[in-house]
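In: what follows is a predicted structure for the sequence shown.
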Amino acid sequence: MILTPDSWQAIQLTVALATSTTVILLILATPLAWWLSQTQSAWRAPVHALVTLPLVLPPSVLGFYLLIVMGPQGPLGQLTQAMGWGVLSFTFTGLLIGSILFSLPFAVQPLQHAFEAIGSRPMEVAATLRASPLDAFFSVALPLAKPGMVTAAILSFAHTVGEFGVVLMIGGNIPGKTRVVSTEIYGHVEAMEYAQAHVLAAGMLAFSFVVLLVLALMNRRQRQVV
Amino acid sequence: MNSIHLQIQLNRSAFMLDVDLQLPGQGISAIFGASGSGKTTLLRAVAGLEKNQQGRIQIGAHIWQDTQQGIDLPIWQRPLGYVFQESSLLPHLTVSENLNFGLKRALKTSGNVSSDAAKALQASIELLGIGNLLQRMPDQLSGGERQRVAIARAIAMQPQLLLMDEPLASLDAARRQEIFPWLSKLRDELKMPMLYVTHSADEVARLADHLVVLEKGQVKAQGSVSTVLTQVVNPAVVGEDAGALIAGHIGQVDTQWHLSRIDFEGGCVWMRDAGLPVGKAVRIRILARDVSLATSEPQNTSIQNQLLGTIQSITPDAHPSQVMVVLKCGAEEVLARVTKRAVDELGLQVGQPVWAQVKSVALVA
């Protein structure tokens, strides 16, 4: 069974999208998760709810609003047009923004839990050892939250690979630009190309299983260490 | 004199800390009290770990906090060493990396020469005997070893003040005995002042030079350890462990019976030979519950130690059946806990000479 060039392109695009989403998410989610784990501000609950929203919202709802915001009449669309970047909907960048929002809770929650598990003591210890809060964050909090970071990265990557609704809404399934594996499968099924759909679907199935297996093994090892 | 001034007010919903203390700039000052007395809160406030504290903290010539002048150094800028109650080693770093964590940063701010720092590190490794543990991870150490590393990590930075929050409380009795010699060594060999929080009268007697008794966030008593420990105001706080702390020296060693005689101003007592040479300065502790009284010199008794003294005071003890009798034996004070009925039957009165029979003596340092 050989993959069509279209399918290969979809796989490449999926990997590119998932990788960029994961990298950007870790950079964005780490300070956000740290703030959520430390703050006693009244804003904590609403921000937490907002970050968790993509977990329960149908992807089509998220995609619909993103489409409107990024579209020619939307506030973000107006801004990007004024900057001379054109409209983001139906582009890779637009897809990337959608993916980041859609996978945000999968990055924030493991990180937040990891930071909360550290407790206040190691940070107090670091402060009595002359480390400023920023120094202590990088030299103590981040290394201690490493298992949480790995989990966040794996979940974000896998969740991005598996997304469908948002991609379809914002990306429009344009081959070579916004067509990823999940929408490629959809296309094959629509066209009654079951053999092609089988290859990709089985690949996704195997990939997802391996990811979850790796996570489970990692968690067991951590428990043994602790 | 480099003294320490701590004037701290701190309001919590259930509790208020309000102290104004002038402490000596060297030796160990013990902060003693029951749990909930605010002793850990006081220590944390000195370090800057508590929020919304007010007052003034001055260590020698350095002001760490002065609410009136608007000075409030953040924790990481206060040149202190802190030893927490339970293990506080950073779990992702080796022993050696833990030791260097603070040292490296202290060096950057103090502008000391790094060769001095290396020397200080080496000295603290030797002082706490942890040279063979440097490459280990914290979870490969015993509780006692972890505390020794934590202490070494704190003193390697050569802080202006060393803060220790019940460093022995998380250890079992055997581990505690293992750490004691190291702590005594710290007291004798380091010049830096130390604040030592504890709820153990035994630790106070063995380690402290100066004693502050806290109760419900207020200073109940303070002064040199031998005076405060003997003050009868404290039995309620000290409880079963009330007793006299006496400084003396080894006067004679009896090798036949394995005993040594401790001489002090006002008498002498025999105790088990601990292998110390004649002339060695020691501290002994005589618990009030181990002392009985007699109006004439006791004869035909198995108790070897008898001290002649005069009754200074007789005060009610925690339980209504008992009283605390303070005797003056020469320059030292000895406490005896006896029943009220005994006092009545013997007709004991203040000013009267009595014999104190001492059932046991403990060597504390």
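Out: Arrived safely.

In: list the contacts of B:Y82.
Out: By CB atoms under 8 Å, 6 or more residues apart in numbering or on different chains, the contact set of B:Y82 is A:125, A:128, B:47, B:154, B:163-165. For the C-beta atoms, the positions are set from N, CA and C on the backbone; glycine is no exception.

In: okay, and which of those map to strands?
Out: Counting by DSSP state E, the part of these found in strands is B:163-165.

In: all the helices of chain A, residue numbers only.
Out: A:5-38, A:44-56, A:59-70, A:75-82, A:92-118, A:121-128, A:133-136, A:142-144, A:146-161, A:165-166, A:181-190, A:194-225 (DSSP state H).

In: wait, isn't B:S260 in contact with B:G248?
Out: No. The pair B:S260 / B:G248 is not scored as a contact, 10.9 Å apart, by CB atoms under 8 Å.

In: if we can go back for a sec, for the contacts of B:Y82, give me CSV that also has pLDDT and distance to A:V214.
Out: Converted to CSV, these look like this (pLDDT from 0 to 100; distance: CB to CB, whole Å):
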residue, pLDDT, distance to A:V214
A:V125, 96, 32
A:T128, 96, 38
B:A47, 95, 42
B:A154, 93, 41
B:L163, 96, 44
B:M164, 95, 44
B:D165, 94, 42
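
In: nearest to A:L50, of those?
Out: Each of the contacts of B:Y82 was checked against A:L50 using CB to CB; the closest is A:V125, at 33.0 Å.

In: tally of neighbours for the closest one?
Out: A:V125 is flanked by 23 other residues according to other CB atoms under 10 Å in any protein chain shown.

In: repeat that for A:Q38.
Out: 17.

In: equivalent analysis for B:D317, please.
Out: By other CB under 10 Å, 19 other residues sit near B:D317.

In: can you check the pLDDT for it?
Out: B:D317 carries a pLDDT value of 79.

In: separation between it and B:T339?
Out: 10 Å (CB to CB, to the nearest Å).

In: quickly list what's touching both of those two.
Out: Common contacts of B:D317 and B:T339, defined by CB under 8 Å, 6+ apart, comprise B:V323.

In: ok, A:V189 touching A:A195?
Out: No. If you go by CB under 8 Å, A:V189 and A:A195 don't touch, sitting 11.1 Å apart.

In: of the two, who's got more company?
Out: Using other CB under 10 Å, the more surrounded residue of A:V189 and A:A195 is A:V189, with 14 against 9.

In: if you rank every helix and strand of chain A by mean pLDDT, what lands last?
Out: Ranking every helix and strand in chain A by mean pLDDT, DSSP states H and E puts helix A:194-225 at the bottom, with a mean of 83.

In: and that helix, what does it pack onto?
Out: Using 3 or more CB pairs under 8 Å, 6 or more residues apart in numbering or on different chains; DSSP states H and E, the elements in contact with helix A:194-225 are helix A:5-38, helix A:146-161, helix A:181-190.

In: for chain B, what's its nearest residue on chain A.
Out: Relative to chain B, the nearest point of chain A is A:L129 (3.3 Å; CB to the nearest CB).

In: the closest residue to that residue other than its chain neighbours and B:A123, how far apart?
Out: The shortest distance from A:L129 to any non-neighbouring residue, by CB to CB, 6 or more residues apart in numbering or on different chains, is to B:G102 (3.3 Å). Distance check for B:G102 against B:A123: by CB to CB, it reads 15 Å.

In: more crowded one of these two?
Out: With neighbours defined as other CB under 10 Å, B:G102 and B:A123 compare such that B:G102 has more, 23 against 16.

In: how about A:G176, nearest residue that isn't a chain neighbour?
Out: A:Q9 (5.4 Å).

In: also A:I170?
Out: Nearest residue to A:I170 in three dimensions, chain neighbours excluded: A:G98, at 4.4 Å (CB to CB, 6+ apart).

In: now do that neighbour, the pLDDT please.
Out: At A:G98, the model reports a pLDDT of 92.

In: how many neighbours does it have?
Out: Per other CB under 10 Å, the neighbour tally for A:G98 reads 30.

In: same question for A:P31.
Out: 11.

In: cool, and A:P110?
Out: Residues contacting A:P110 under the criterion other CB under 10 Å number 24.

In: got the contact list for it?
Out: A:P110 makes contacts with A:148-149, A:151-152, A:155, as judged by CB under 8 Å, 6+ apart.

In: turn those into TSV, columns for distance to A:L111.
Out: As requested, the contacts of A:P110 are exported to TSV (distance: CB to CB, whole Å):
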residue	distance to A:L111
A:G148	5
A:M149	6
A:T151	8
A:A152	5
A:L155	10
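
In: re earlier: buried stuff in the least confident helix or strand of chain A?
Out: By 16 or more other CB atoms under 10 Å in any protein chain shown, the buried positions in helix A:194-225 come out as A:196-197, A:199-201, A:204, A:207, A:211, A:215.

In: which positions in chain A make contact with chain B?
Out: Residues of chain A lying close to chain B (CB under 8 Å from any CB of the partner chain) are A:121-122, A:124-133, A:135-136, A:139-140, A:143-144, A:146, A:225.

In: what's the pLDDT at the residue in chain B positioned nearest to chain A?
Out: Residue nearest to chain A within chain B: B:G102 (3.3 Å; CB to the nearest CB). As predicted, B:G102 sits at a pLDDT of 93.

In: for it, what are its contacts?
Out: By CB under 8 Å, 6+ apart, the residues touching B:G102 are A:128-130, B:81, B:153-154, B:156-157.

In: from those residues, which two are the most distant?
Out: Using CB to CB, the contacts of B:G102 reach their maximum pairwise distance at A:T128 and B:A156, which is 12.9 Å.

In: secondary structure class for B:R283?
Out: In three-state terms, and counting by DSSP: H, G, I helix; E, B strand; the rest coil, B:R283 is strand.

In: list the contacts of it.
Out: Neighbour list for B:R283: B:205-206, B:245-248, B:363-365 [criterion: CB under 8 Å, 6+ apart].

In: name the SS class of B:Q357, please.
Out: strand.

In: my guess is it contacts B:S302. True?
Out: No. B:Q357 is beyond contact range of B:S302, at 9.9 Å (criterion: CB under 8 Å).

In: point out where chain A drops to low pLDDT.
Out: Applying pLDDT under 70 to chain A flags the ranges A:1, A:221-226.

In: please apply the same query to the stretch 101-250 of chain B.
Out: Ranges of the stretch 101-250 of chain B meeting pLDDT under 70: B:111-112, B:230-240.
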